[in-house]
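Trainee: the sequence isn't on hand, but the structure is:
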């Protein structure tokens, strides 16, 4: 019975433990769901930030594209200006080269002019000398020669002069005229060359200066656009980095959400397994409780049967006691509490043959002990025309009575006088009933004292009371019974008699 009770308590404890597990799991699940909800809320915020950053990034990309287009156009314009500048610089170089060439040509013309003027001076001197000679010898009238003449060239070209020059002098006059004409042409050519060279150089310098100014201006425009491009590119990169960071945060939140959902799924599986174990434990506890109640009911029925038979025995003993002065039959014993599982029936041994005593199970030395140390004074079996349902063991009042086998105390009567209490306790006086496993029960009657209580677990050899003379008894002794499912068995089949 102790084993069954212990097992029942273990099953109940397991069921209680399993019942507490969902509480802890529920608390953990609640915390995880709260965390999941927080992550979802934060994820919504981060998604909104990502959307806003993407919009800003798109706007920045468009503005950057506009600046890139402006920059490309400015670079094209600057390249064109640089080409124009290169062309202008080439033209300036050509113009400068032309000026140098013109200056060189002018120097040549100047040298030629000097030579021509020298020849003209020589020719003029010769002609003057010839004219003076002609005048001196009366060949020419000076008044006619010099009328209308402004300078010597007019003089040379004067028709009068020509008319008065001798034929031999005509070649000299023609040479002087040629030289005068050549000097004039060379001077005009030199002046034209100088003017053209100076004009072209000035134009080239002006064009170069203009293009240089435009190039500087365009370079400044390009620098400004590049600065704007760099600023917008930096803004774009910052927005892209912010968006990437936000998306990374979003991915981290998704990973954490997945991890928590996995934990929740694992907890749900564990809760399902715990629920299955709890239901199994509850089913086991219910089955154990049913077995316990069934055993208790069997013990109650056995006790009722034992009490009925004890009452019959006591009535019979009272009838015979008046005539034979014999020991009266004991009062009905209280019903022993049954154990959950029946033990195998031991083989029959020598002893009385009443009430199935010949089929009683064989004793087990490892689990049964003698309840008292005194001699056997009355055996099990027929006595005075009826069956003696136990054995009597003699002894002094107060001598120790021990449990013959481990079990649970299921009945105690302790209010009878230890030596003179006829009829008390149904004739058994003070007595103890102990339930054992296998549906077995033992009764210890006519005690002087009781040292156990109902529900107490006792071991084999543990003191339960003392030998006495209470109830229907003619002298101190222990009346000891062994019952199986309420049926009396010969105690000598279980203990050493």
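Mentor: Structure's in. What do you need? Fair warning: this is a prediction, and the values are worked out from it, not measured in the lab. Numbers count the residues shown, from 1 in each chain.
Trainee: how is this structure divided into domains?
Mentor: According to the TED database, the chain comprises the domains 38-253, 376-493.
Trainee: including mean neighbour count, could the ones you listed go into CSV?
Mentor: Bear in mind the C-beta positions are built from the backbone N, C-alpha and C, glycine included. Formatted as CSV, the domains of the chain follow (neighbours: other Cβ atoms under 10 Å):
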stretch, mean neighbour count
domain 38-253, 15
domain 376-493, 22
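Trainee: mean pLDDT for those domains: which is lowest?
Mentor: Of all the domains of the chain, the minimum mean pLDDT falls on domain 38-253 (a mean of 78).
Trainee: which ones are touching residue 491?
Mentor: Listed by Cβ atoms under 8 Å, 6 or more residues apart in numbering, the contact set of residue 491 reads 380, 390, 391, 404, 480, 481, 482, 497.
Trainee: against residue 92, how distant is it?
Mentor: Distance, residue 491 to residue 92, by Cβ to Cβ, to the nearest Å: 147 Å.
Trainee: what's the lengthiest helix in the chain packed up against?
Mentor: Ranked by residue count and defined by DSSP state H, the top helix of the chain is helix 170-324. In this structure, helix 170-324 makes packing contacts with helix 2-136, helix 152-157, helix 159-164, strand 386-388, strand 407-413, strand 440-450, strand 487-489, judged by 3 or more Cβ pairs under 8 Å, 6 or more residues apart in numbering; DSSP states H and E.
Trainee: of all these, which one is nearest residue 265?
Mentor: Nearest to residue 265 among the helices and strands packed on helix 170-324 is helix 2-136; the distance by Cβ to Cβ comes to 10.5 Å.
Trainee: just the angle for the closest one relative to helix 170-324, thanks.
Mentor: 180 degrees (axes from the mean of the first three to the mean of the last three Cα atoms, to 10 degrees).
Trainee: tell me what helix 2-136 is packed against?
Mentor: helix 142-146, helix 152-157, helix 170-324, strand 407-413.
Trainee: export these to TSV and tack on distance to residue 44?
Mentor: TSV is the format used below for the helices and strands packed on helix 2-136 (distance: least, Cβ to Cβ, whole Å):
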stretch	distance to residue 44
helix 142-146	121
helix 152-157	110
helix 170-324	10
strand 407-413	66
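Trainee: out of the ones you listed, which comes closest to residue 37?
Mentor: Closest to residue 37 of the helices and strands packed on helix 2-136, according to Cβ to Cβ: helix 170-324, at 10.0 Å.
Trainee: now that closest one against strand 407-413, angle please.
Mentor: Using the same axes, to 10 degrees, the inter-axis angle of helix 170-324 relative to strand 407-413 is 40 degrees.
Trainee: just to revisit the earlier point, out of the helices and strands packed on helix 170-324, which comes closest to residue 420?
Mentor: Using Cβ to Cβ, those put strand 440-450 closest to residue 420, at 11.5 Å.
Trainee: mind giving me the packing neighbours of that closest one?
Mentor: helix 170-324, strand 407-413, strand 430-435, strand 463-467, strand 477-484.
Trainee: residue 461 versus residue 377, what's the distance?
Mentor: 22 Å.
Trainee: could you check the pLDDT of residue 316?
Mentor: 64.
Trainee: swap that for residue 363, please
Mentor: Residue 363 is given a pLDDT of 43.
Trainee: now do the one 10 residues further on
Mentor: pLDDT, the model's per-residue confidence, is 95 for residue 373.
Trainee: cool, and residue 331?
Mentor: With respect to pLDDT, residue 331 scores 43.
Trainee: then the one 3 residues further on?
Mentor: The confidence metric pLDDT takes the value 44 at residue 334.
Trainee: I'd say residue 263 and residue 35 touch.
Mentor: No: the pair residue 263 / residue 35 is not scored as a contact, 9.4 Å apart, by Cβ atoms under 8 Å.
Trainee: follow-up on the earlier one: make a markdown table out of the helices and strands packed on strand 440-450 and add distance to residue 105.
Mentor: A markdown table is the format used below for the helices and strands packed on strand 440-450 (distance: least, Cβ to Cβ, whole Å):
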| stretch | distance to residue 105 |
| --- | --- |
| helix 170-324 | 6 |
| strand 407-413 | 149 |
| strand 430-435 | 152 |
| strand 463-467 | 158 |
| strand 477-484 | 158 |
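Trainee: quick one: which of the ones you listed is nearest residue 66?
Mentor: Once those are compared by Cβ to Cβ, helix 170-324 is nearest, at 8.7 Å.
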